[in-house]
Structure formats: C-alpha cells, structure tokens
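> dropping the sequence and predicted coords here.
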Amino acid sequence: MTERAAMIGYNIHTIREAKGLSVIETCKRADISKQTLWGIENGHVNPKVSTVVSIATALEVPVGLFFEKKIKCTLLVKPDKQAI
C-alpha cells in the first residue's frame with residue numbers, strides 16, 4: 001500500500017460516508033464492483049484514473065478532492081435536504 005493510495009481511499013471513504021451513501025449504492029452509481037471499492041477505500045489498490053473519475057461522478061464531487069491531504073467533510077445541506 002502506498003501513502004497516496006491510502007490517502008485517496010481515505011478521502012473516498014470519508015466523502016461517501018458524509019454523503020450517507022452505502023458501498024452498494026456507490027458501486028451502482030460508479031459501475032464498479034464492491035471488491036474494487038473496498039480495495040480502494042482500504043488503500044490496497046492504486047485505482048485507474050477512469051475508476052477515480054467514475055467514483056467522483058457517483059459522489060458528485062471534483063476528482064481533485066480525492067488527492068487532498070486527509071480531508072474532513074463538512075457538507076452543507078439545502079433546505080430540501082440535498083447535500084451540496
């Protein structure tokens with residue numbers, strides 16, 4: 001496991017949980033397997049760029065957010081309860 005893979009995985013996991021999405025829902029949205037997401041979130045896999053883009057699209061966040069040093073998520077919620 002590389003430090004970069006661990007950081008990307010941590011950030012994906014943090015964002016996914018902050019948005020209240022399950023692994024299964026995220027995988028469906030990103031069109032990836034549960035094993036792939038698990039491996040990425042746990043830092044065991046260096047994901048392909050296309051996979052990272054798919055996950056960012058599924059989570060509705062910019063790809064660059066995954067490459068920040070370990071993030072803390074504070075999401076704003078619109079009155080209709082949609083996270084932005």
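Sure, I can see it. Numbers count the residues shown, from 1 in each chain.

> going by C-alpha atoms from here, please, whenever you check contacts or count neighbours.
Noted.

> pLDDT weak spots in this structure?
1, 70, 72-84 (pLDDT under 70).

> now do the helices in it.
Remark: helices assigned in the chain by DSSP state H are 3-18, 23-30, 34-41, 49-59.

> what packs against the first one?
Counting by 3 or more Cα pairs under 8 Å, 6 or more residues apart in numbering; DSSP states H and E, the packing neighbours recorded for helix 3-18 are helix 34-41.

> how far off centre is the helix it packs on?
Relative to its chain's centre, helix 34-41 lies at 10 Å (Cα atoms, centre = their mean, to the nearest Å).

> list the contacts for the residue nearest the centre of the chain?
Centroid check for the chain by Cα atoms, centre = their mean gives residue 12 as the closest residue, at 2.5 Å. Counting by Cα atoms under 8 Å, 6 or more residues apart in numbering, residue 12 touches 41, 66.

> mind running it again at 10 Å?
Shown in contact with residue 12 (Cα atoms under 10 Å, 6 or more residues apart in numbering): 6, 18, 37, 40-42, 52, 55-56, 59, 61, 63, 65-67, 70-71.

> one step back: can you tell me which of the helices of the chain is packed in deepest?
Ranked by mean neighbour count under mean count of other Cα atoms under 10 Å, these are led by helix 3-18, which reaches a mean of 20.

> relative to helix 49-59, how tilted is it?
Calculated by axes from the mean of the first three to the mean of the last three Cα atoms, to 10 degrees, helix 3-18 forms an angle of 20 degrees with helix 49-59.

> identify the residue nearest residue 56 in space, chain neighbours excluded?
Among residues not flanking residue 56 along the chain, residue 63 sits closest, at 5.4 Å (Cα to Cα, 6 or more residues apart in numbering).

> check residue 2 too.
Using Cα to Cα, 6+ apart, the closest residue to residue 2 is residue 43 (7.3 Å).

> tally of neighbours for residue 71?
Counted by other Cα atoms under 10 Å, the residues lying close to residue 71 total 16.

> with that, I have no additional questions.
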